[in-house]
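Asks: Show me how the following folds:
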Amino acid sequence: MSYSTNLPPIKLISLEGKKQLSLQTDDFKRTTSSDIRWLKVQEFLRSVSLTPNSRKLYERELRRFLAWSKLGYHELRTRHLANYKEYLAEEVCTDKGRPLAKSSINAALGALKSFFHWLRDTYPDIIEVNPMAGVKFEKLPLPSAQDLAPSEVEQVRTALNNLGETKLRDTALVHILCHGLRASEVSSLNIGNYDGKLLYIENTKDKKPRLVPLVPESRKAVETYIQHRSDEGEQLHEDNPLLLSYHNRIPQYTRINNPEGARLSYHGIYFAITKLGELAQLPNLHPHAFRHTFATQLLIVGMDPTHVKTLTGHESERAFRRYVVRAKQAAAIAAFDKLHEQ
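Replies: Alright, predicted model coming up:
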């Protein structure tokens, strides 16, 4: 198996201020290519459902850990992982020579926690207890919800009308994203996942399928796009991708005869929304902004937070709390404005 050579170098700085050391990608290769522990990492990466970005992060962080520790998995204890956390915080630097941010440290610890959780469940004869169980993550300030203002949503709608070949598809894409789906979930949708009212989301982050109802306007956008494909001669089946790629290098007959190979990918969704943001004069527009907007707006109008979490598939209370805080702020401002309008 070939390994990526685009990994950033790991820079080590001694606590005594001695000469900075650098651990390059080649060192990772030498460590993992002959390391039986790496076989379990490879199996883990094949077994779990990860977005491309998450997979890249997990692979990088697990390589980093194996380069740091020579212990077998059965020998690892919580104290070893606590020492590794100190190593990340005190000795590892970015390419620009800066200490790792707390969020980066947590990302590294999260990758390890997920891996050891999988290892414990899959190979209980190797480890009985997750050694990450007693390691505390860095405390971070609560991130803010990045929901779109009504005027920004209107800018996006206007921009959709200025698209060419992808207008119908991107209109359907935006309507689906506006119902709180993650980009990875949207990419995995097939025509059979839509029954005319509900979307059945199978490939979820928490591996728990869920149903998401679409509002009438969004149903019409999805059905218009599907009908257009049928009118163009595509033989529609349940396992056809719900959203197709319209890359210039893929001729129309290929999209029709080989729809599975023309699925709109995770990166394709980001590209489409970035392009739409440029047209809408929203340079920072990204697919997740629609998810933030969906959750925040439902809370603002008073929907039970438990129901909102069910629709969005949120497992983390902390991650969901950002929407609750944002909704309370919006409600307070609205109440203040109403009071002064009297």
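Asks: For the rest of this, base every contact and every neighbour count on C-alpha atoms.
Replies: OK.
Asks: which other residues reach the strand or helix carrying His307?
Replies: Under the criterion DSSP states H and E, the helix or strand holding His307 is helix 305-312. With contact meaning Cα atoms under 8 Å, 6 or more residues apart in numbering, helix 305-312 is reached by 180-181, 210-212, 291, 295, 298-299, 315, 320, 324.
Asks: Send over that helix as CSV, restricted to the C-alpha atoms.
Replies: Below are the C-alpha coordinates for helix 305-312, written out as CSV (Å, rounded to 0.1, in the frame of the first residue of the first chain):
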residue,chain,number,x,y,z
PRO,A,305,-34.8,20.8,21.0
THR,A,306,-35.1,17.0,21.2
HIS,A,307,-37.1,16.9,18.0
VAL,A,308,-34.5,19.2,16.3
LYS,A,309,-31.7,16.9,17.4
THR,A,310,-33.6,14.0,15.9
LEU,A,311,-33.9,15.7,12.5
THR,A,312,-30.3,16.9,12.4
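Asks: what mean pLDDT does the very next helix or strand once past it have?
Replies: Using DSSP H and E, the helix or strand that follows helix 305-312 in sequence is helix 317-341. What helix 317-341 shows for mean pLDDT is 82.
Asks: what does stretch 220-240 give?
Replies: On average, stretch 220-240 scores 95.
Asks: and if you look at stretch 180-199?
Replies: Mean pLDDT, computed over stretch 180-199, is 95.
Asks: and the angle for the helix holding His307 with helix 317-341?
Replies: 120 degrees (axes from the mean of the first three to the mean of the last three Cα atoms, to 10 degrees).
Asks: Look up phi and psi at the most centrally placed residue in the chain.
Replies: In the chain, the residue lying closest to the centroid (Cα atoms, centre = their mean) is Thr51, at 6.0 Å. Thr51 adopts backbone torsions of phi -70, psi 160, taken as degrees, to the nearest 10.
Asks: Just give me the neighbour total for the closest residue to it other than its chain neighbours.
Replies: Among residues not flanking Thr51 along the chain, Ser184 sits closest, at 6.5 Å (Cα to Cα, 6 or more residues apart in numbering). When neighbours are counted by other Cα atoms under 10 Å, Ser184 registers 18.
Asks: Could you look up the SS state of Ser184?
Replies: helix (DSSP: H, G, I helix; E, B strand; the rest coil).
Asks: From Leu211, how far out is it?
Replies: The spacing between Ser184 and Leu211, counted by Cα to Cα, to the nearest Å, is 16 Å.
Asks: can you map out the helices along the protein?
Replies: 25-33, 36-47, 52-68, 78-90, 102-122, 150-160, 167-177, 183-187, 216-231, 252-257, 266-279, 288-300, 305-312, 317-341 (DSSP state H).
Asks: Mark which of the contacts of helix 305-312 are buried, thanks.
Replies: Among the contacts of helix 305-312, the ones that count as buried by 16 or more other Cα atoms under 10 Å are 180-181, 210-212, 291, 295, 298-299, 320, 324.
Asks: I'd like those laid out as CSV, including distance to Asn190.
Replies: CSV is the format used below for these (distance: Cα to Cα, whole Å):
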residue, distance to Asn190
Gly180, 17
Leu181, 14
Arg210, 15
Leu211, 14
Val212, 14
Arg291, 20
Ala295, 24
Leu298, 26
Leu299, 29
Phe320, 27
Val324, 32
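Asks: Of the residues you listed, just say which sits nearest to Lys338.
Replies: Nearest to Lys338, judged by Cα to Cα, of these is Leu299 at 18.9 Å.
Asks: and the residue lying closest to that closest one once chain neighbours are set aside, how far is that from Gly302?
Replies: Spatial nearest neighbour of Leu299, excluding adjacent residues (Cα to Cα, 6+ apart): Ala327 at 5.9 Å. Shown here: Ala327 relative to Gly302, a distance of 9 Å by Cα to Cα.
Asks: do Lys207 as well
Replies: According to Cα to Cα, Lys207 stands 28 Å off from Gly302.
Asks: Equivalent analysis for Arg55, please.
Replies: Arg55 is 37 Å from Gly302, by Cα to Cα.
Asks: Looking at those two, which is more packed in?
Replies: Arg55 (16 against 10).
Asks: Just give the nearest non-adjacent residue to the more buried one, would you?
Replies: Per Cα to Cα, 6+ apart, closest to Arg55 is Leu45, 7.1 Å.
Asks: and that neighbour, how many residues sit next to it?
Replies: Per other Cα under 10 Å, the neighbour tally for Leu45 reads 16.
Asks: next one: Glu165
Replies: The number of residues near Glu165, taken as other Cα under 10 Å, comes to 8.
Asks: Renumber starting at 52 from here on
Replies: OK, 52 is where the count begins now, so the last one is Glu216.
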